[in-house]
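Q: the following comprises the amino acid sequence and a computationally predicted model.
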Amino acid sequence: MSDYLFTYGTLQPGHAPSEIAPAVDRLEAIGKGFVRGILYDLGDYPGAVLDSSDRKIFGTVFKLANDSSTLRQLDEYEGFDPKAPDEGLFVRRVHPVELASGQVLKCWIYVYNRKPESGRIHETGVYTKKAV
């Protein structure tokens, strides 16, 4: 279990769609950080595939609110069911995240749960919201 969440895509401040923005607004930002892996552009959202390469995926670490409803709302938005974790488009797991300060925190992260065959790689490791 973790009290922290690492976000890299549509759960980032300023990127959250209206249906999940209130839950994201309840999160307390701790700081910027990164995980090792590849960030894919999957159209309307990105997907992280974790690995031990030199590539980095950049995002924000948040302290989760004390109520469990926030994490449930985030799970629903990401299509993750804790009772059937391998069936969703994303799976939530605990993974070490390195903060800009060098501190490492174990954080929840939503990892893409499919093969990103058609996704383009975000070479910078940074998700940017597309103009509509």
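A: Nice, I can see it.
Q: tell me which element residue 114 falls in.
A: Of the helices and strands defined by DSSP states H and E, none includes residue 114.
Q: any idea how far the nearest residue to it once chain neighbours are set aside is from residue 45?
A: Leaving aside its chain neighbours, residue 114 sits nearest to residue 89 (6.6 Å; criterion: CB to CB, 6 or more residues apart in numbering). C-beta: built from backbone N, CA, C; applies to glycine. Residue 89 sits 9 Å away from residue 45, going by CB to CB, to the nearest Å.
Q: state the mean pLDDT of the strand ranked longest in the chain.
A: Taking DSSP state E as the criterion, the chain has its longest strand at strand 28-41. Mean pLDDT, strand 28-41: 96.
Q: and the next helix or strand after it, what does it pack against?
A: Later in the chain than strand 28-41, the nearest helix or strand by DSSP H and E is strand 46-50. In terms of contacts (3 or more CB pairs under 8 Å, 6 or more residues apart in numbering; DSSP states H and E), strand 46-50 is packed against strand 28-41, strand 104-112.
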